[in-house]
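>>> let's see this in three dimensions:
(one chain, ligands or ions: 1)
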Amino acid sequence: MKKMWAGRTSGKTDQIADDFNSSIRFDQRMYPEDITGSIAHAKMLAKQGIIPEEASAKIIAGLEGILADLNSGKLEIDPAAEDIHMFIEETLTDRIGQDGKMLHTARSRNDQVALDIRLYMREENGQIKQLLKDLVAALCDQAEKYKASLMPGYTHLQRAQPVTFGHQLMAYAYMFMRDLERLGQMEERMNYSPIGSCALAGTTYPIDRVYEAELLGFKAPVANSLDGVSDRDHVVEDLSDLALVMMHLSRLSEELILWSSWEFHFVRLADAYTTGSSIMPQKKNPDMAELARGKTGRVYGDLMAILTTLKGLPLAYNKDMQEDKEALFDAIDNVELCLETFIPMIKTLEANEKAMHQAAQKGFINATDLADYLTKKGMPFRDAYHISGQLVALCIDQDTVLEDLPLETYKGYSDLFEEDLYQAIDLHNCLAKRTSLGGPTPESVQKQVDEVRGKLAEEN
Ligand code: ARG
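I've put the predicted structure just below:
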């Protein structure tokens, strides 16, 4: 196939080189952005008198026709095209003739692709942010529902101190709120227009970059043309933000997997988000959570790929940069898939409050409160800690719990123990007394829910 860029060379390339070089397989998804960018470019060129008004009008109508036909499926993308930019420009010229050849004035594919990626990312980022908001809203609803459901909080995966299920869920809500904030900040930094950087050194045509940036909804043009075509920081930043989203989802997944096991039995995932086994009839597997945990590695890989590709690249455009898109698209697709699955899975999740309460009782998670009881009666904390530990060891030995040890036994360890110790180690009291800011009480969880809901409302 003869290339549009045939000139210095014959443009006759080996089929194997064409296939190797082509990015149409994956960059075709940016056709709406490519057309949006080209329409703005045609408007700017006409406004500046660089191309005739009539030619610009024909180009715009032609591009709109291509967009409509691609959307409806009437026009198919040619898999033999070099990339989406070439395909659209060639189709335009086929359709409207000579005027189509004016579109690429004062432009290069280098600034064109840089523009398309930013437009595409802005679009997808809007979707991901919405999905994150929906996930946080679902977490808030469940946290409110289970704000008083006592459960053991863990450290080292050993039962540690009493929390509530609502408290635990809100911890995740805050993580995803930070993700939301990060993606917003990334978008703000990205929201500058590279178009008009041209190949690398700007152009001799009297273009209006500010006008074109405005047409495309950017804050301003990128200030340096070399930076405009070389910069992929936003891709790195987005992938890093998405890696964090996945890390958060993966930690939540891990807990859902543990909690839905018979060993914990803290939550029931709706049947709709679990699978059975082809051989073991008793199975209900948390596949969605496992798959999300698995995909996390893949998204981390996408981040490493782009970082490695960019390392050591001289300015400005190098073909290596074509490799940015598959990693970016892969991460975006997978994050969207995971979030779309998690929202209904969280909404339909049910807690087994009885099992949580039992686990809390058996876990000696009131041992710290027992030590605090002695401390408040005047014993130094280290001594109190030691006695409390000895009493736990005694309970384990006698297969009982602190609540069930008789007062005489307590007295054998310290005279400071009185009947009121049972109040002090009652699990619900232990929870209710943890009134410090950010703590696990139902009131505190409600405050957190209200705060996060308020922030979500501000976002909308
Ligand atoms: N397909 C290319 C990419 O994705 C477009 C830019 C090509 N520019 C060039 N000078 N060959 O990076």
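
>>> what about the chain, any weak spots by pLDDT?
Residues of the chain that meet the criterion pLDDT under 70 lie in 1-2.

>>> try it again at 90.
For the chain, the stretches with pLDDT under 90 are 1-13, 275-284, 361-363, 459-460.

>>> the ligand contacts on that one?
When proximity is defined as Cβ under 6 Å from any ligand atom, the chain approaches the ligand at 23, 27, 83, 109-110, 113, 317, 321-322. In this view, the C-beta of every residue, glycine as well, is placed from N, C-alpha and C.

>>> next secondary structure element downstream of the helix or strand that contains Asn110?
Secondary structure assigned from DSSP states H and E places Asn110 in helix 109-145. Beyond helix 109-145 in the direction of the C-terminus, DSSP H and E gives the next helix or strand as strand 150-155.

>>> list the contacts for Leu427?
For Leu427, the contacting residues are 150, 162, 357, 360-361, 365-366, by Cβ atoms under 8 Å, 6 or more residues apart in numbering.

>>> quick check: it vs Pro162, distance?
6 Å (Cβ to Cβ, to the nearest Å).

>>> what is in contact with these two at once?
What both Leu427 and Pro162 touch, as defined by Cβ under 8 Å, 6+ apart, is the set 150, 360, 365-366.

>>> could you redo the residues you listed as CSV and give each row distance to Gly301 and secondary structure?
Compiled in CSV, the shared contacts of Leu427 and Pro162 are given as follows (distance: Cβ to Cβ, whole Å; DSSP: H, G, I helix; E, B strand; the rest coil):
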residue, distance to Gly301, secondary structure
Leu150, 40, strand
Ala360, 39, helix
Ile365, 39, coil
Asn366, 44, coil
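
>>> just put the residues you listed in JSON lines and tack on neighbour count.
As requested, the shared contacts of Leu427 and Pro162 are exported to JSON lines (neighbours: other Cβ atoms under 10 Å):
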{"residue": "Leu150", "neighbour count": "23"}
{"residue": "Ala360", "neighbour count": "24"}
{"residue": "Ile365", "neighbour count": "26"}
{"residue": "Asn366", "neighbour count": "26"}
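
>>> name the nearest residue to the residue of the stretch 251-400 of the chain found nearest the ligand, ignoring sequence neighbours.
Of the residues in the stretch 251-400 of the chain, the one nearest the ligand is Gln322, at a distance of 3.6 Å by Cβ to the nearest ligand atom. Ranked by Cβ to Cβ, 6 or more residues apart in numbering and with sequence neighbours excluded, the top spatial neighbour of Gln322 is Ser23, at 5.2 Å.

>>> could you pull up phi and psi at that neighbour?
Torsion angles at Ser23 (phi, psi; degrees, to the nearest 10) stand at phi -120, psi 10.

>>> how near is it to Ile88?
As defined by Cβ to Cβ, Ser23 lies at a distance of 13 Å from Ile88.

>>> how about Val267?
Using Cβ to Cβ, we find Val267 at a distance of 49 Å from Ile88.

>>> these two: which has the busier surroundings?
Neighbours per residue (other Cβ atoms under 10 Å) separate Val267 from Ile88, with Ile88 holding more: 27 against 21.

>>> centre of the chain to the helix or strand containing Ser56, how far?
Counting by DSSP H and E, the secondary-structure element that holds Ser56 is helix 53-72. The offset between the C-alpha centroid of helix 53-72 and the centroid of the whole chain comes to 35 Å, using Cα atoms, centre = their mean, to the nearest Å.

>>> what residues sit buried inside the helix or strand just after it?
Past helix 53-72, further along toward the C-terminus, the next helix or strand under DSSP H and E is helix 84-96. By neighbour count, with 16 or more other Cβ atoms under 10 Å as the criterion, the buried positions of helix 84-96 are 84-89, 91-93, 95-96.

>>> what's the answer for stretch 131-138, then?
Quick answer for stretch 131-138 (16+ other Cβ under 10 Å): 131-138.

>>> so which of those residues is the closest to Ala371?
Minimum distance to Ala371 across these is 36.5 Å, recorded for Val136 (Cβ to Cβ).

>>> contacts only, for the closest one.
Under the criterion of Cβ under 8 Å, 6+ apart, the contact partners of Val136 comprise 173, 176-177, 180, 452, 456.

>>> could you redo the last one with a cut-off of 6 Å?
In this structure, Val136 makes contact with 173, 176, judged by Cβ atoms under 6 Å, 6 or more residues apart in numbering.

>>> and if you look at the one 3 residues further on?
Contact partners of Leu139, counting by Cβ under 6 Å, 6+ apart, are 169, 172-173.

>>> one more time with 7 Å, if that's ok
Contact criterion Cβ atoms under 7 Å, 6 or more residues apart in numbering gives 169, 172-173, 346 as the residues in contact with Leu139.

>>> can you give me phi and psi for Ser193?
The phi/psi pair for Ser193 (degrees, to the nearest 10) reads phi -90, psi 120.

>>> and it, how far is that from Phe176?
30 Å.

>>> next one: Leu258
Using Cβ to Cβ, one obtains 20 Å as the distance from Leu258 to Phe176.

>>> neighbour-wise, which of these two wins?
When Leu258 and Phe176 are compared on other Cβ under 10 Å, the one with more neighbours turns out to be Phe176, at 23 against 16.

>>> isn't that one up against Leu132?
Yes. Between Phe176 and Leu132 there is a contact under Cβ atoms under 7 Å: 5.3 Å.

>>> how is Phe342 assigned, secondary-structure-wise?
The three-state assignment at Phe342 reads helix, by DSSP: H, G, I helix; E, B strand; the rest coil.

>>> next up, the contacts around it.
Counting by Cβ under 7 Å, 6+ apart, Phe342 makes contact with 135, 249, 292.

>>> again, only this time at 8 Å
Remark: with contacts taken as Cβ under 8 Å, 6+ apart, Phe342 is in contact with 135, 249, 252, 288, 292.

>>> distance check, whichever residue of the stretch 351-460 of the chain sits closest to the ligand against Lys347.
Going by Cβ to the nearest ligand atom, the ligand is nearest to Glu459 of the stretch 351-460 of the chain, at 32.8 Å. Between Glu459 and Lys347 the distance, using Cβ to Cβ, works out to 19 Å.
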